[in-house]
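*Asks:* Generate a structure from the sequence data that follows.
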Amino acid sequence: MKPYTTKLTKTAFIAEIAQKVRDLKRKDVAKIVDAIGELAQACLHKKGVGEITIPGIVKLQRVEKPIPAIKAGTLVRNPFTGQESAHPGRKAGVKVKVKASAVGGVKAALQA
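*Replies:* Predicted coordinates for the structure are as follows:
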């Protein structure tokens, strides 16, 4: 397969898949792409399972990192200037990221 030198837009992506699979129309491919997106959102949702694998392409995982609370008035050091100042305070929270890992044929193509 010839590598692409420009970034594919959603429309170009759908057109390429529709061209490769001649049995499907562009509208059908667009519905499939949208359905995969909705499925990924449902799996990665706060109350969802937290991961989804699109076979042969990518594995997406929801990663939560706790952020500790800081009491108001606590002295913190500015890493750029070294000056200490009072922190206004913040509640504890969670930072959420999505981790993507290549699987199957994509992983083999990256290593080649």
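*Asks:* Going by C-alpha atoms from here, please, whenever you check contacts or count neighbours.
*Replies:* Will do.
*Asks:* what number of residues lie near Lys71?
*Replies:* Neighbourhood size, Lys71 [other C-alpha atoms under 10 Å]: 13.
*Asks:* What of the one 3 residues further on?
*Replies:* Neighbouring residues of Thr74 were enumerated by other C-alpha under 10 Å; the total is 12.
*Asks:* try Lys27
*Replies:* Lys27: 12 neighbours (other C-alpha under 10 Å).
*Asks:* try Glu51
*Replies:* Applying other C-alpha under 10 Å, we find 19 residues neighbouring Glu51.
*Asks:* List the contacts of Lys71.
*Replies:* Shown in contact with Lys71 (C-alpha atoms under 8 Å, 6 or more residues apart in numbering): His87, Pro88, Gly89, Arg90.
*Asks:* give me the low-pLDDT residue ranges for this protein?
*Replies:* Filtered on pLDDT under 70, the chain yields the residue ranges 1.
*Asks:* mind listing the helices for it?
*Replies:* Ranges of helices in the chain, per DSSP state H, are 10-20, 26-44, 104-111.
*Asks:* how about a markdown table for the contacts of Lys71, with distance to Gly48 added?
*Replies:* Converted to a markdown table, those look like this (distance: C-alpha to C-alpha, whole Å):
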| residue | distance to Gly48 |
| --- | --- |
| His87 | 35 |
| Pro88 | 34 |
| Gly89 | 31 |
| Arg90 | 27 |
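*Asks:* out of these, who has the most neighbours?
*Replies:* Highest neighbour count within those: His87, with 14 neighbours (other C-alpha under 10 Å).
*Asks:* State the distance from that one to Pro68.
*Replies:* For His87, the distance to Pro68 equals 13 Å [C-alpha to C-alpha, to the nearest Å].
*Asks:* that older thread, quick check, nearest of the contacts of Lys71 to Val106?
*Replies:* Within the contacts of Lys71, proximity to Val106 (C-alpha to C-alpha) peaks at Arg90, which comes in at 41.7 Å.
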